[in-house]
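**Q** Need coordinates for the following:
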Amino acid sequence: MKHLLFALLLTAPAVAQSIDPIAYGQRFCALRRMDIDTDAARKAAVSYAYVATRNSADMKADARAAADYVFANCRSLVE
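**A** Numbering: from 1, shown residues only. Next comes the predicted model:
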């Protein structure tokens, strides 16, 4: 899980405030179910779930919640 969390944080745009963890998880899982590459799915999910008005202090908590969502809903699709 730490690997996914770390990758998620690195994938986030440099100016990003945070992401909506549910939106990220839903998009990531949907893309992986369509056989989209893991890295491409991560990047697309971050872009989709980016919320400019969200407090940057929430980024770590949001990344953890997104990883938790992925592991709870589509763990078998994570490489």
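**Q** Now for the residue nearest to the spatial centre of the chain: which residues touch it?
**A** Nearest to the mean C-alpha position of the chain, counting by CA atoms, centre = their mean, stands Tyr24 at 4.6 Å. For Tyr24, the contact set (CB atoms under 8 Å, 6 or more residues apart in numbering) comprises Leu8, Ala45, Val46, Tyr48, Ala49, Asp62, Ala66, Tyr69. C-beta here means a position set from N, CA and C on the backbone, and glycine is covered the same way.
**Q** Averaged pLDDT, the helix ranked longest in the chain. What do you get?
**A** In the chain, with assignment by DSSP state H, the single longest helix is helix 59-74. Averaged across helix 59-74, pLDDT comes to 90.
**Q** Grab the nearest non-local neighbour of Tyr48.
**A** Counting by CB to CB, 6 or more residues apart in numbering, Tyr48 lies nearest to Arg27, which is 4.6 Å off, once chain neighbours are set aside.
**Q** Report the buried residues of whichever strand or helix holds the one you found.
**A** Here Arg27, judged by DSSP states H and E, is contained in helix 21-33. By neighbour count with 16 or more other CB atoms under 10 Å, helix 21-33 contains the buried residues Pro21, Ala23, Tyr24, Gly25, Gln26, Arg27, Phe28, Cys29, Ala30, Leu31, Arg32.
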